[in-house]
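**Q** Need coordinates for the below:
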Amino acid sequence: MGALDDLEEVLARLARADPFSYGDRHSIIALERGLSSYSATLAKAAASFAEGGEWAADGAQSAAAWIATTSHVPLGEARRQLRRGRALASMPLVSQAFSDGQISAAHVDVLVKAAKAVGHADPEAFSRCEAALLEAATELRFVPFANAVTYFTQMADPDGAEERDLARRARRDAYVAQSMNGMYLLGGTLDPVSGAIVAGEFTRIENQLFEAEWASAKEALGRDPRVDELARTPAQRRADALVEMAVRSKAAKATDRRPEPLFSVLVGYEALHGRISQIEGGPIITPGALLPWLDGASFERIIFGPGTRIECSPTARFFTGATRRAIEVRDQHCTHPFCEVPAARCQIDHIIPYAQGGETTQGNARLHCGFHNRLRNHGPPGGESCGELSRAADDDLYDDHDVDHDDDDHDLDLDHDHDHDHDHDHDVDHDHEGGP
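**A** Just a heads-up that it's a prediction; the model follows:
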């Protein structure tokens, strides 16, 4: 217990200290690494505890049930700790990086799931690629890392990947239920393609409502309004957008020609030999998931090679047409290193400003969200502290709903993709570099 006693003493000292003492960049990085290292130790200890069977003496059905009860943590979290600890025994490089704080528990969960997915078809596949996958975990941001791991699972076990995609689609569900007080509750789970169709139209209508609301407030105030001066909150606007979708659906006839495209998928010629198959700005899917949609598909070819690019005039003020589309497909999200706002909510910024002679070409273009476009051109908004800006971004602009459906009563190794992460950013700049 000596090491644990030392740890408790260190944690107690940290808890007593003024948080400002550890509120700098270097301390945050060190604390995050320490949390990962501690999580690795906990996972390995939990796996050892499960194997020892000491939990059974108290009448618990499983080690996860014992940990959840005594530590007052969700049963799903206890299972994840055990799953990590058990898997790390066969993942030496990942285990060491986790213990060193180089990767987080979230990285480990993605890698563990991938190792399990390909293990049936090729038991050695993960071991052969462990070093490369670990490099991706330490070098890339989390979403590109997760995409890289998904491509690995598809390449290592293409048949299994298609089966998993079919199983994922089979889990689709939706409900609309009236509550006791008359309010309606909505929820559901959609596969990536169906979700892209619904989300695309939902976002389009939401943006239309926002633009109309912004214009009305600007006319009334005689200036650009602040977000808190608009008639609706982002949550209210999203609710109204959903109702508007239903109203427009009611007005449409079954014989009406459907608009296209309903969704966009990024693929490449290499998909015939390698693997490129991704919802634009969204998750990786298998080629088989596209089959039901191919009869009505339109194909758009974008070539990025020198001398073959379609450009608007280099002296034009705004990025338009094929040039704008190519940049959106190329970057997919805000290119600022601390941002992942998708292309649909970004502006196209001149790297060398237009006012300084910068050309309106792909080579001088990048996607920036409204916030980072203004930050580059004007600096942070005046009168607001960094803390206020951070709280606005974290509390108002991003509504994260993490749903844990892993609530079975038994210590099973369940891997259901039921975690939902919805990011909503309404930071819109109406006088920006990229133009309409």
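
**Q** only C-alpha atoms for contact and neighbour calcs from this point on.
**A** Noted.

**Q** what's the longest helix in the chain?
**A** Criterion DSSP state H: the longest helix present in the chain is helix 192-221.

**Q** next SSE after it?
**A** helix 234-251 (DSSP states H and E).

**Q** Buried residues in that following helix, which are they?
**A** 234, 237-238, 240-241, 244 (16 or more other Cα atoms under 10 Å).

**Q** Tell me what angle that helix forms with helix 192-221.
**A** Orientation check (axes from the mean of the first three to the mean of the last three Cα atoms, to 10 degrees): helix 234-251 against helix 192-221 gives 110 degrees.

**Q** what bits of the stretch 251-400 of the chain have low per-residue confidence?
**A** For the stretch 251-400 of the chain, the stretches with pLDDT under 70 are 260-282, 294-317, 377-400.

**Q** can you count the residues close to Phe145?
**A** A count of nearby residues for Phe145, using other Cα atoms under 10 Å, gives 20.

**Q** Would you mind splitting the chain into its domains for me?
**A** Here the domain parsing of the chain from automatic domain parsing is 27-165, 203-280, 301-436.

**Q** Nearest to Ser179, out of those domains?
**A** domain 203-280 (16.4 Å; Cα to Cα).

**Q** re the thing from before, lowest-confidence one in the buried residues of helix 234-251?
**A** Lowest pLDDT within those is found at Pro234 (92).

**Q** that older thread, distance to Ala355 added to the buried residues of helix 234-251, as CSV?
**A** Shown next, in CSV, are the buried residues of helix 234-251 (distance: Cα to Cα, whole Å):
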residue, distance to Ala355
Pro234, 34
Arg237, 36
Arg238, 37
Asp240, 40
Ala241, 38
Glu244, 41
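
**Q** Looking at those residues, which is nearest Gly370?
**A** Here the nearest of the buried residues of helix 234-251 to Gly370, counting by Cα to Cα, is Pro234; it sits at 16.3 Å.

**Q** In three-state terms, label the residue lying farthest from the centre of the chain for me.
**A** Here the centre of the chain is the reference, and by Cα atoms, centre = their mean the most remote residue is Ala57, at 42.0 Å. Following DSSP: H, G, I helix; E, B strand; the rest coil, we place Ala57 in the helix state.

**Q** what secondary structure does the spatially most central residue of the chain sit in?
**A** Centroid-nearest residue in the chain: Val143, 6.0 Å away (criterion: Cα atoms, centre = their mean). What three-state DSSP gives for Val143 is helix.

**Q** And Thr335, by the same measure?
**A** Here Thr335 is recorded as coil under three-state DSSP.

**Q** isn't it right up against His372?
**A** No - look at Thr335 against His372 with Cα atoms under 8 Å: they stay out of range, at 9.2 Å.

**Q** Tell me which of those two has more neighbours.
**A** Taking neighbours as other Cα under 10 Å, Thr335 and His372 compare with His372 leading, 22 against 18.

**Q** what helices or strands is the longest helix of the chain leaning on?
**A** helix 234-251, strand 277-279 (3 or more Cα pairs under 8 Å, 6 or more residues apart in numbering; DSSP states H and E).

**Q** so where do the helices sit in this structure?
**A** 2-16, 25-52, 63-71, 75-88, 92-99, 105-119, 125-139, 142-156, 158-170, 192-221, 234-251, 321-331, 370-378, 386-391.

**Q** which other residues reach the fifth one?
**A** For helix 92-99, the external contacting residues (Cα atoms under 8 Å, 6 or more residues apart in numbering) are 36-41, 88-89, 103-105, 108, 130-131, 134.

**Q** By neighbours, which of these wins?
**A** Ranked by neighbour count (other Cα under 10 Å), the contacts of helix 92-99 have Ala40 at the top, with 27 neighbours.

**Q** For it, which non-adjacent residue is spatially closest?
**A** Leaving out its chain neighbours, the residue that sits closest to Ala40 by Cα to Cα, 6 or more residues apart in numbering is Ser99, at 5.3 Å.

**Q** separation between that neighbour and Ala365?
**A** Plainly put, Ser99 is 41 Å away from Ala365 if you go by Cα to Cα, to the nearest Å.

**Q** Could you do Leu375 as well?
**A** Taking Cα to Cα as the measure, Leu375 falls 16 Å from Ala365.

**Q** Between those two, point out the one with more neighbours.
**A** Counted by other Cα under 10 Å, Leu375 and Ala365 do not tie: Ala365 has more neighbours, with 23 against 13.

**Q** Surely that one is in contact with Pro353?
**A** No - the criterion here is Cα under 8 Å, and Ala365 misses it with Pro353 at 9.7 Å.

**Q** before we move on, back to that, tell me which of the domains of the chain is the most buried.
**A** Across these, averaging neighbours per residue (mean count of other Cα atoms under 10 Å) puts domain 27-165 on top, at a mean of 18.

**Q** What average pLDDT does it get?
**A** Domain 27-165 shows a mean pLDDT of 94.

**Q** Now do it: distance from first to last residue.
**A** First residue to last in domain 27-165 (Cα to Cα) measures 41 Å.

**Q** and the gap between Ala167 and Glu54?
**A** For Ala167 relative to Glu54 (Cα to Cα), the value is 37 Å.

**Q** same thing with Leu42?
**A** Leu42 is 16 Å from Glu54, by Cα to Cα.

**Q** Next: Thr255.
**A** 66 Å.

**Q** Same check on Ala177?
**A** 45 Å.

**Q** Ok, Ala43 next?
**A** 16 Å.

**Q** Not counting stretch 174-188 itself, show me its contacts.
**A** Against stretch 174-188 from outside (Cα under 8 Å, 6+ apart): 172-173, 189.

**Q** And stretch 18-35, by the same measure?
**A** For stretch 18-35, the surrounding residues in contact (Cα under 8 Å, 6+ apart) are 100-104.

**Q** Then stretch 139-148?
**A** Contact partners of stretch 139-148, identified using Cα under 8 Å, 6+ apart, comprise 107, 110, 133, 136-137, 283-284.

**Q** hmm, 10 Å instead?
**A** If you take Cα atoms under 10 Å, 6 or more residues apart in numbering as the criterion, stretch 139-148 is touched by 104, 106-107, 110-111, 114, 133-138, 149-154, 278, 282-285, 337-338, 340.

**Q** just stretch 202-219 next, same as before
**A** In contact with stretch 202-219 (Cα under 10 Å, 6+ apart) are residues 196, 198-201, 220-227, 229-234, 237-245, 344-345, 424, 426, 428, 430.

**Q** let's go with 7 Å and repeat that
**A** For stretch 202-219, contacts defined as Cα atoms under 7 Å, 6 or more residues apart in numbering pick out 224-225, 230, 237-238, 241-242.

**Q** Turn these into TSV, columns for distance to Arg324.
**A** Converted to TSV, the contacts of stretch 202-219 look like this (distance: Cα to Cα, whole Å):
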residue	distance to Arg324
Asp224	26
Pro225	28
Leu230	29
Arg237	28
Arg238	27
Ala241	27
Leu242	29
